[in-house]
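Chemist: A predicted structure for the sequence below; I have some questions about it.
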Amino acid sequence: MRLLKTRSTSTRLSFEQKHRVRRLAFFLSAVLACGLAYAGLCTVLGFVFPCPFYTVTGLQCPGCGVSRMCLSLLRLDFGAAWQYNPGLLSLSPALAALAVLTAWQYVKTGTLAQTRSAHVLTVFCIVWLLVWGVWRNIT
């Protein structure tokens, strides 16, 4: 009986963890609001910020086309999203997993220090983006 009581209390969030959840929710809400505001401006004005790397070098960076890709995803047009940036779109599940791992670590410990699995996933994402950035310019 005592073991069950210990388990149920160990899953409760402390006051600090609840505060971190609220801060995280506020941060994510602000990011979502900024993203939707940018999407609205892009849709209404028909203007997206040009890629500075492409402007200077004439080469596509790993993120070139991400604004158009996200706008296509908002319209649920997955084919167009794939055309704009297939490398980043295929990496999005790994990036989502990394975001969840980081958020979980922050709520649990209050730090953004990465766990081993999050570190491995981060290295994978960086290598993927570097390879994608080179590959899209040589093909």
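Modeler: Everything's here; your move.
Chemist: moving C-terminal of the least confident helix or strand in the chain by mean pLDDT, what's the next helix or strand?
Modeler: The helix or strand of the chain with the poorest confidence is helix 2-10; it has a mean of 53 (mean pLDDT, DSSP states H and E). Under the assignment DSSP states H and E, the closest C-terminal helix or strand after helix 2-10 is helix 15-45.
Chemist: Would you mark the buried spots in that next one?
Modeler: Of the residues in helix 15-45, 20, 39, 42 count as buried by neighbour count, 16 or more other Cβ atoms under 10 Å. C-beta coordinates here come from the backbone N, C-alpha and C atoms, glycine included.
Chemist: Distance from the next helix or strand after that helix to the middle of the chain?
Modeler: Toward the C-terminus, helix 15-45 is succeeded by helix 52-57 as the next helix or strand (DSSP H and E). Taking the mean of its C-alpha atoms, helix 52-57 sits 23 Å from the chain's own mean (Cα atoms, centre = their mean, to the nearest Å).
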